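S.K.: model this:
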Amino acid sequence: MRKCYYDALREYERFNNAKVEHIIIYRDGVGDAMRDQIKKAEIYTLNQLLKKEFKMAPPKITLVVVNKRINQRFFESFNQNQATVKNPPCGTIVDSNLVCSQEGETIYDFFMVSQ
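M.R.: Numbers count the residues shown, from 1 in each chain. Below you'll find the model as predicted:
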């Protein structure tokens, strides 16, 4: 992973004649058990690389982790007189009541109903 980051950062500097200001890391298909491990390992590796090789403070870093298989189930609000429960429409975003943030970090968890 370190070599990939190194090569990408060098190429960015060469192409733009500037230091990177914001890094976005995208990880797809990561399970809940691996989320924290990936966050710690990748952010640590990147920060160390920036300090040692690029002699710069870490820029803004955004880590996007997509979980495809989750245990949470969501249902559309329904009238109490109805006996059926429906799935929410595609594109529904759940971003409050069930999500939380951690101290010292800006973490934004949300769920999106894809289909």
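S.K.: helices of the protein, residue ranges please.
M.R.: Under the criterion DSSP state H, the chain contains helices at 2-16, 32-52.
S.K.: I'd like those as TSV, with mean neighbour count appended.
M.R.: Glycine gets a C-beta too; all of them are placed from N, C-alpha and C. Shown next, in TSV, are those (neighbours: other Cβ atoms under 10 Å):
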stretch	mean neighbour count
helix 2-16	12
helix 32-52	14
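S.K.: which of the ones you listed has the lowest average pLDDT?
M.R.: Mean pLDDT values for these show the minimum at helix 32-52, a mean of 85.
S.K.: you'd agree L50 is up against I61?
M.R.: No: look at L50 against I61 with Cβ atoms under 8 Å: they stay out of range, at 9.5 Å.
S.K.: could the helices of the chain be laid out in a markdown table, adding distance to I107?
M.R.: Below are the helices of the chain laid out as a markdown table (distance: least, Cβ to Cβ, whole Å):
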| stretch | distance to I107 |
| --- | --- |
| helix 2-16 | 22 |
| helix 32-52 | 9 |
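S.K.: how about those, which one is nearest S96?
M.R.: Smallest distance to S96 across the helices of the chain (Cβ to Cβ): 19.8 Å, for helix 32-52.
S.K.: now do the closest one: which elements does it pack against?
M.R.: In terms of contacts (3 or more Cβ pairs under 8 Å, 6 or more residues apart in numbering; DSSP states H and E), helix 32-52 is packed against helix 2-16, strand 22-28, strand 60-66.
S.K.: run the last query once more with 6 Å
M.R.: Helix 32-52 sits against helix 2-16, with contacts defined as 3 or more Cβ pairs under 6 Å, 6 or more residues apart in numbering; DSSP states H and E.
S.K.: got the CA positions of the helix it packs on in CSV?
M.R.: Taking Å, rounded to 0.1, in the frame of the first residue of the first chain, the C-alpha atoms of helix 2-16 are listed here in CSV:
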residue,chain,number,x,y,z
ARG,A,2,2.9,2.4,0.8
LYS,A,3,4.3,2.1,-2.7
CYS,A,4,0.9,2.8,-4.3
TYR,A,5,0.5,6.0,-2.1
TYR,A,6,4.1,7.0,-2.8
ASP,A,7,3.8,6.7,-6.6
ALA,A,8,0.4,8.4,-6.7
LEU,A,9,1.7,11.4,-4.6
ARG,A,10,4.8,11.8,-6.6
GLU,A,11,2.8,11.7,-9.9
TYR,A,12,0.4,14.3,-8.5
GLU,A,13,3.3,16.6,-7.5
ARG,A,14,4.9,16.2,-10.9
PHE,A,15,1.8,16.8,-12.9
ASN,A,16,0.4,19.7,-10.8
